[in-house]
Every structure is written in structure tokens, then in C-alpha cells.
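K.L.:
this is a predicted model, with the sequence first.
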Amino acid sequence: MNQQQSDVLAPDVGAAHGGECIRLEGLTRTFGDVIAVDHVDLLVRPGEIFGLLGPNGAGKSTMIKMIIGLLRPTAGDAFVQGMNVRRHPMEVKRRIGVLPEELHLYERLTGEEYLLFTGRMYGLGEETVRQRTGQLLNILELAEAADRLIIDYSQGMKKKVALAAAIIHRPGVVFLDEPFNGVDVVSSRSIRNILYHLVDNGMTVFFSSHVMELVEKICSRVAILKKGRLAVCGTIQEIRANLQIGQDKDLEEIFLHSIGESAEEQDLSWLG
Ligand SMILES: Nc1ncnc2c1ncn2[C@@H]1O[C@H](COP(=O)(O)OP(=O)(O)OP(=O)(O)O)[C@@H](O)[C@H]1O
Ligand SMILES: [Mg+2]
């Protein structure tokens, strides 16, 4: 084993991953004067469905991009399965699946071709790729569109094929940036079932969303970002207890409370 291989197999000092799947330590990213992510510490355990919430511009996508090794942190570190993303970007990328906020698909391929191509890129055998492609197209209600070019897909269909591509290699951790945005009710349920299936089979799911009811229903724990800082984190019960708010408050109310949104009405009479 060469130095680089043993380096990859040995977790970074201070980041042994027993009982933790994702660890963020002071993760920070600035863009000029804007502090998009501000010293975030976070721990996600294996087998969790973890939901990341926050208003537009709170830093969710920036945070995800740093964890998956797409964007360099200004300060701090992210660890995935005990590996420092900064030091082992390739090894981390092999172990994760990603549904990015902005999709970059090979739109001149059909949905089926794209999944076959993606599976092969991950080194899966021909038969395995064909089997998984067929199953994923079916479960995501894309079977009838399998032979159509992705460029002709609707937004929701593109999202679903991108989700299928994110999990075809059976990654240990899946990062999904707004997976439910723009998908219909039936597909939303299929995606939900896929997420349950992933965690039942030992994977970990980390996703951002604005759909409170879904996050409330499916996540074991949630974090709410406010202007790049972690406002709250925990199970919904824990967050209610921390904020000292009633058991009857749902996630939407917790969210509004956490980000300090006032219920003040704006005068929109000029709209007529
Ligand atoms: N490449 C970039 N260059 C400059 N500023 C950026 C860049 N990417 C993000 N930002 C800024 O960082 C902040 C956080 O943006 P980010 O996209 O992470 O938010 P978000 O929580 O994902 O929002 P949304 O819910 O709208 O997707 C915003 O102020 C945004 O303008
Ligand atoms: Mg975003």
C-alpha cells in the first residue's frame, strides 16, 4: 500500500468516524464582504435523514458545496465518514452521491443513456447498471420517458433523473440540494420512499429543503441556518425544548421563530 492509499484509509486525526458520518468544524465561507457560511459546527450520524433549512441566501447550498468538495472553505473543515474533504476530495467524491441545486446533465442523452453512462463511470458492471437503471426509471415514473432526450424533459423530470444518477452507485452518503423543489405529489412520494429505502440500507441522507411538512415528516434531525450561522439543530422535540415553545408548534412556526421573522403586515394597497 502506498502512502496515499494508507492516508485515505486512515481517518484524519481527531475525526475518527465511529458514530459520525458528517462532521463540520468551524466551516466558513466568505464571498468578498458576504459571510455565506459562518463558523458552523455540526454532526450528522450514520443512518440519519438530516434536513437543512434556512431562508433564501442563508448559506445552505454553499455549505453543501463545501462538504462535497466543490467549494473550498475560507476556514474550518468538513469530514465525511472520517475523511477530511480538503485532504481527500477524490476519495470523498467516490463515496457520496450528489443532487446539486443547479443540474448539469448531458441533455443530449436520453434518460436511460444518462443513467447507464453514470453507472459505468462509477465502475459498475454492465448488468448491474442495466438492472439499477430500469428500477430507478420505474420507481421515479420515468420509464415512459426513458428513450427521450433529457433536453426535452420537464424540470421535475430532470430533477428525478439527476436523483437517480446520484444514487445509482449506492453511495454511503447522499447530499440533495432541494430534491423536492418542482416535483409533483406522486414523485415527491417516490423520492421520499427512496430516501427511506436508502437509510434502511445503512446510507445517510443530508438534504436541504423549503418544504417544511416533508422535512418534519421524514427527518430524524434538522438544522436551521440563519445568515450563515446555525440558529438551531436537533430533533424537532429538542428544538422546541431549547426554544421553550409549545409542543403544538409545527416546524413552520419553529422556523419562523428561529429566524426571527416578524408577522408584521406590509401595506400592499398600491397593488390595487
Ligand atoms: N459564487 C458566489 N459568489 C458570490 N456570492 C455568493 C456565491 N454563492 C453564494 N453567494 C452568496 O452567499 C450567500 C448564501 O448563498 P446560498 O446559495 O448558499 O444560499 P441558500 O441558502 O442555498 O439559498 P436558496 O434557498 O435561495 O437556495 C448569499 O448571500 C449568496 O448571494
Ligand atoms: Mg440554495
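P.N.:
It's in. Ligands and ions are numbered 1, 2, ... in the order given.

K.L.:
tell me the SS of the residue of the stretch 51-200 of the chain found nearest ligand 2?
P.N.:
In the stretch 51-200 of the chain, the residue that lies nearest ligand 2 is residue 61 (3.2 Å; CB to the ion). All C-beta spots, glycine's among them, are computed from the backbone N, C-alpha and C. What DSSP: H, G, I helix; E, B strand; the rest coil gives for residue 61 is helix.

K.L.:
and the nearest residue to it once chain neighbours are set aside, how many neighbours does it have?
P.N.:
Distances taken as CB to CB, 6 or more residues apart in numbering put residue 101 closest to residue 61, at 4.8 Å, once the chain neighbours are dropped. By the criterion of other CB atoms under 10 Å, residue 101 has 13 neighbours.

K.L.:
name the helix or strand for residue 101, please.
P.N.:
Using DSSP states H and E, residue 101 sits in no helix or strand.

K.L.:
ok, residue 157 next?
P.N.:
helix 155-167.

K.L.:
CA atoms of that helix as CSV?
P.N.:
Taking Å, rounded to 0.1, in the frame of the first residue of the first chain, the C-alpha atoms of helix 155-167 are listed here in CSV:
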residue,chain,number,x,y,z
GLN,A,155,-37.8,20.4,-14.8
GLY,A,156,-39.3,17.8,-12.5
MET,A,157,-38.2,15.0,-14.8
LYS,A,158,-34.7,16.4,-15.0
LYS,A,159,-34.6,16.5,-11.2
LYS,A,160,-35.7,12.9,-11.0
VAL,A,161,-33.1,11.6,-13.5
ALA,A,162,-30.5,13.6,-11.6
LEU,A,163,-31.6,12.0,-8.3
ALA,A,164,-31.4,8.5,-9.9
ALA,A,165,-27.8,9.3,-11.1
ALA,A,166,-26.9,10.4,-7.6
ILE,A,167,-27.7,7.1,-6.1
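
K.L.:
what does the next helix or strand after that helix contact?
P.N.:
For helix 155-167, the succeeding helix or strand toward the C-terminus, using DSSP H and E, is strand 173-177. For strand 173-177, contacts defined as CB atoms under 8 Å, 6 or more residues apart in numbering pick out 21-22, 60-61, 64, 67-68, 80-81, 95-101, 163, 166-167, 198, 203-208.

K.L.:
among those residues, which are in strands?
P.N.:
Judged by DSSP state E, the subset of the contacts of strand 173-177 located in strands is 22, 80, 96-99, 204-208.

K.L.:
quick one: which of these has the most company?
P.N.:
Going by other CB under 10 Å, residue 80 tops these with 28 neighbours.

K.L.:
now for the longest helix along the chain, which elements pack on it?
P.N.:
Ranked by number of residues, the top helix in the chain under DSSP state H is helix 185-200. Judged by 3 or more CB pairs under 8 Å, 6 or more residues apart in numbering; DSSP states H and E, helix 185-200 is in contact with strand 49-53, helix 126-139, helix 155-167, strand 204-208, helix 212-218.

K.L.:
nearest to residue 256, out of the ones you listed?
P.N.:
Taking CB to CB, helix 212-218 is the member of the helices and strands packed on helix 185-200 nearest to residue 256, at 9.8 Å.

K.L.:
residues of the helix or strand following the closest one that come out buried?
P.N.:
Note on helix 212-218: by DSSP H and E, the next helix or strand toward the C-terminus is strand 221-226. Neighbour counts using 16 or more other CB atoms under 10 Å place 221-226 of strand 221-226 among the buried residues.

K.L.:
list the contacts of strand 221-226.
P.N.:
37, 40, 42, 44, 48, 50-55, 58-60, 63, 215, 230-236, 239, 251, 254-255, 258-260.

K.L.:
tell me who's in contact with residue 205.
P.N.:
Here residue 205 is in contact with 48-50, 173-174, 176, 195, 198-199 (CB under 8 Å, 6+ apart).

K.L.:
my guess is residue 133 contacts residue 114. True?
P.N.:
No - counting by CB atoms under 8 Å, no contact exists between residue 133 and residue 114, whose distance comes to 9.1 Å.

K.L.:
quote the end-to-end distance of stretch 55-74.
P.N.:
Stretch 55-74 has an end-to-end distance of 22 Å (criterion: CA to CA, to the nearest Å).
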